[in-house]
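1. The sequence isn't on hand, but the structure is:
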Ligand code: UDX
């Protein structure tokens, strides 16, 4: 413990993706010597050159601050394992077509750890994984270390496995890391508990110590519960649309109940991103594997999958025929504050409108360079524009697909002047209906009445 307390022990963070890189830099900010390991030579050399490999507010500055001092991006996993005492596993756990998590990257990392165990290691699983993965990691390390032609003797080289699920949200990841609402650690030894307490003590956040599988379940349960809140409010929004009530007020009203809380009750075109859809499917799969009927979560998923189609239907209802209509779409990332378009409902909607023969003019403050690589421009059909005003040119409708705050501040008169029809469909309830209607727009949103009566305000009487 003396080496840990004095921070002489090194940390290796394995996997430099959306979780690994912010985690590594967060640990470097706490004063640890951190090796950032990734198997991609291209990614490692970009990091070594000081380039943040994806957009996350504050990440580039933090990289500059620690690079070459106490953060070292490296490709050699074996050497990193031998040099470090604490190994954070942040490798990808993509999903298979069945919904099951593909744990092959974790298994490969566990094998490499086994073959390079030269002293005590604490292996901390941070990637989102199904319950009992930590036990598999333990078993794999024991098995492969023993299989090294008798050269390794596990009775002399100790190791612990811990589960420390990451709850960071893209766009505010560094804030989540430096000021977490809670830290969950699953451990099965005092040594692992003490090391994790030592690492996280400076953050003075509530620390919940549990068993290994409990910590793993907490991550999946948290993401599934939040997805459930979103699908719930989206169904309420459909009902509000049908009977002329305002879902934002319903969300406010139910969110005032501390048992419900106001967060994650924003109705819209549904949730996306790398975590929610994948983790939800993996949790459903885990329940099925263990004979537990969690069909509630299947509904959460099904409701979410219908959201983009429902929005396209709203666009169709507003424009009648989509073929040859020009549509401006603002926002492509799955949420604001990131350039990540994985499982983005915006991209699904753009794709759907294209297949119906509409011409799309797209804008996003951050996501366009990456998206253009997988979704290339098409002459006269799919145009990436450098501003929302350019996207709106000659458009028959303007869609808000990601709630980037800057879209709230647009000059509506200038936009209206460039469009063929003054029509806005807001898939995120981002805009103030009165503001855009007074600028002469027809405005359609999600679960908010088109001709509002008395809307009311929250005040204490
Ligand atoms: C999520 C979890 O919040 C985080 O704790 C976990 O570590 C990783 O997965 P993230 O994927 O970054 O984080 O995004 P999040 O902010 O949770 O949003 C997910 C999706 O839900 C986005 O598409 C967002 O637009 C949508 N959403 C969120 C809603 O539609 N309504 C809401 O009220 C909140």
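-> Sure, I can see it. In this text, all values refer to a predicted model and were calculated from it rather than measured experimentally. Numbers count the residues shown, from 1 in each chain.
2. nearest residue to residue 63 other than its sequence neighbours?
-> Closest residue to residue 63 apart from its sequence neighbours, by C-beta to C-beta, 6 or more residues apart in numbering: residue 52 at 5.4 Å. Where C-beta positions appear, they are placed from N, C-alpha and C, glycine not excepted.
3. pretty sure that neighbour contacts residue 60?
-> Yes. Contact criterion C-beta atoms under 8 Å: residue 52 and residue 60 qualify, at 4.1 Å.
4. Report all helices and strands that the helix or strand where residue 415 lies contacts.
-> Residue 415 belongs to helix 412-418 when assigned by DSSP states H and E. In terms of contacts (3 or more C-beta pairs under 8 Å, 6 or more residues apart in numbering; DSSP states H and E), helix 412-418 is packed against helix 388-392.
5. got a list of contacts for the helix it packs on?
-> Defining contact as C-beta atoms under 8 Å, 6 or more residues apart in numbering, one finds that helix 388-392 is touched by 328-330, 361-363, 383, 385, 398, 407, 410-411, 414-415, 418-419.
6. Between which two of those is the distance greatest?
-> The distance between the two most remote of those (C-beta to C-beta) is 21.0 Å, for 383 and 411.
7. more neighbours, the two?
-> Counted by other C-beta atoms under 10 Å, residue 383 and residue 411 do not tie: residue 383 has more neighbours, with 18 against 11.
8. nearest residue to that one other than its sequence neighbours?
-> Residue 383 sits nearest to residue 361 (C-beta to C-beta, 6+ apart), 4.9 Å away.
9. returning to that earlier point: based on its surroundings, how many neighbours for the residue nearest to residue 63?
-> Residues lying near residue 52 (other C-beta under 10 Å) number 17.
10. so who does residue 140 touch?
-> With contact taken as C-beta under 8 Å, 6+ apart, residue 140 is in contact with 107, 110-111, 114.
11. Show me which residues of the stretch 251-400 of the chain sit near the ligand.
-> By C-beta under 6 Å from any ligand atom, the residues of the stretch 251-400 of the chain that approach the ligand are 264-266, 268, 271-273, 275-276, 334-335.
12. Recalculate using a threshold of 8 Å.
-> Residues of the stretch 251-400 of the chain found near the ligand (C-beta under 8 Å from any ligand atom) are 263-276, 279, 334-335, 338, 340, 344-345.
13. One more: the stretch 101-250 of the chain?
-> Proximity of the stretch 101-250 of the chain to the ligand, by C-beta under 8 Å from any ligand atom, involves residues 128, 165-173, 176, 219, 222-223, 226-227, 229-230, 233-234.
14. hmm, 5 Å instead?
-> Residues of the stretch 101-250 of the chain lying close to the ligand (C-beta under 5 Å from any ligand atom) are 167, 169-170, 230.
15. Need the buried ones from those residues selected in ChimeraX.
-> Only the buried entries of those go into this ChimeraX selection, using 16 or more other C-beta atoms under 10 Å:
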select :167,170,230
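16. Let me see the ranges of the strands in the stretch 151-300 of the chain.
-> 159-163, 183-186, 207-210 (DSSP state E, counting those that start in this stretch).
17. can you list the ones you listed in JSON lines and add mean neighbour count and mean pLDDT?
-> Formatted as JSON lines, these follow (neighbours: other C-beta atoms under 10 Å; pLDDT from 0 to 100):
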{"stretch": "strand 159-163", "mean neighbour count": "26", "mean pLDDT": "97"}
{"stretch": "strand 183-186", "mean neighbour count": "22", "mean pLDDT": "97"}
{"stretch": "strand 207-210", "mean neighbour count": "15", "mean pLDDT": "98"}
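18. need the ones you listed in JSON lines with distance to residue 88, can you?
-> Converted to JSON lines, those look like this (distance: least, C-beta to C-beta, whole Å):
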{"stretch": "strand 159-163", "distance to residue 88": "10"}
{"stretch": "strand 183-186", "distance to residue 88": "12"}
{"stretch": "strand 207-210", "distance to residue 88": "17"}
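19. Walk me through the domains of the protein.
-> As given by automatic domain parsing, the domain ranges for the chain are 2-210, 225-444.
20. least reliable of those domains going by mean pLDDT?
-> Lowest mean pLDDT of the domains of the chain: domain 2-210, a mean of 92.
21. how many other residues sit next to residue 381?
-> Residue 381: 12 neighbours (other C-beta under 10 Å).
22. Skipping its backbone neighbours, what lies nearest it in space?
-> Nearest non-adjacent residue to residue 381, counting by C-beta to C-beta, 6+ apart: residue 359, 5.3 Å away.
23. who's in contact with the one you found?
-> Residue 359 makes contacts with 324-327, 380-383, as judged by C-beta under 8 Å, 6+ apart.
24. May I ask which of the contacts of residue 140 has the most neighbours?
-> residue 110 (25 neighbours).
25. which one of the contacts of residue 140 is nearest residue 182?
-> Among these, residue 110 lies closest to residue 182 (C-beta to C-beta), at 27.0 Å.
26. which other residues reach the helix or strand hosting the closest one?
-> Here residue 110, judged by DSSP H and E, is contained in helix 104-115. Residues outside helix 104-115 that contact it (C-beta under 8 Å, 6+ apart) are 14-15, 77-78, 81, 87, 89, 91-93, 121, 123, 125, 127, 129, 133, 136-137, 140-145, 148, 152, 159.
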